[in-house]
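K.L.:
With the input below, show me the fold.
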Amino acid sequence: MSRKAFSAAGATAVGPYSHALESGDLIFLSGQTPIDSQTGKLAEGGIVQQTKQCFKNLFNVLTSAGLTPDNVEKVNVFLTDMNNFTAMNEVNSKQFSKPYPARTTIGVASLPLCAQIEIEMIARRK
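P.N.:
I've put the predicted structure just below:
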């Protein structure tokens, strides 16, 4: 089975990787940190602004693959401070409609560029 790569204008890669790869009917979206593609810097503000920016970046990648949030099956969230879980969860709840995608949230020691959050997704073509 061949893989197809997607790149999105509104997402920034901080390393040698594709924004997303399609394998069969699955699309694996690389983790997105809260980099504002207009400034090249992390979104200013706290975890709410950084979470919103991660989703904005990821949804740009989904769009480049011809998908929408309704195609998302699984979300993985990485937080440098689990005390931010409630605020992240509030933003997350507004990104999808029911039934929500499956999700895992993991506390990590650090993330690239000192981001507070990174989010990755798996989507499926329907």
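K.L.:
Identify the residue nearest Ile27 in space, chain neighbours excluded?
P.N.:
Of all residues beyond its chain neighbours, the one nearest Ile27 is Ala123 (4.4 Å), with distances taken as C-beta to C-beta, 6 or more residues apart in numbering. For every residue, glycine as well, the C-beta is placed using N, CA and C.
K.L.:
Dihedrals phi and psi, that neighbour?
P.N.:
Main-chain torsions, Ala123, degrees, to the nearest 10: phi -120, psi 160.
K.L.:
next one: stretch 55-65 to chain centre, how far?
P.N.:
Distance of stretch 55-65 from its chain centroid, counting by C-alpha atoms, centre = their mean, to the nearest Å, is 8 Å.
K.L.:
Using CSV, write down the CA coordinates of it.
P.N.:
Presented in CSV, the C-alpha positions along stretch 55-65 are these (Å, rounded to 0.1, in the frame of the first residue of the first chain):
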residue,chain,number,x,y,z
PHE,A,55,-6.1,22.8,16.6
LYS,A,56,-6.0,25.6,14.0
ASN,A,57,-2.7,24.1,12.6
LEU,A,58,-4.1,20.5,12.6
PHE,A,59,-7.4,21.6,10.9
ASN,A,60,-5.3,23.3,8.2
VAL,A,61,-3.6,19.9,7.7
LEU,A,62,-6.9,18.1,7.6
THR,A,63,-8.2,20.6,5.0
SER,A,64,-5.1,20.0,2.8
ALA,A,65,-6.0,16.3,2.8
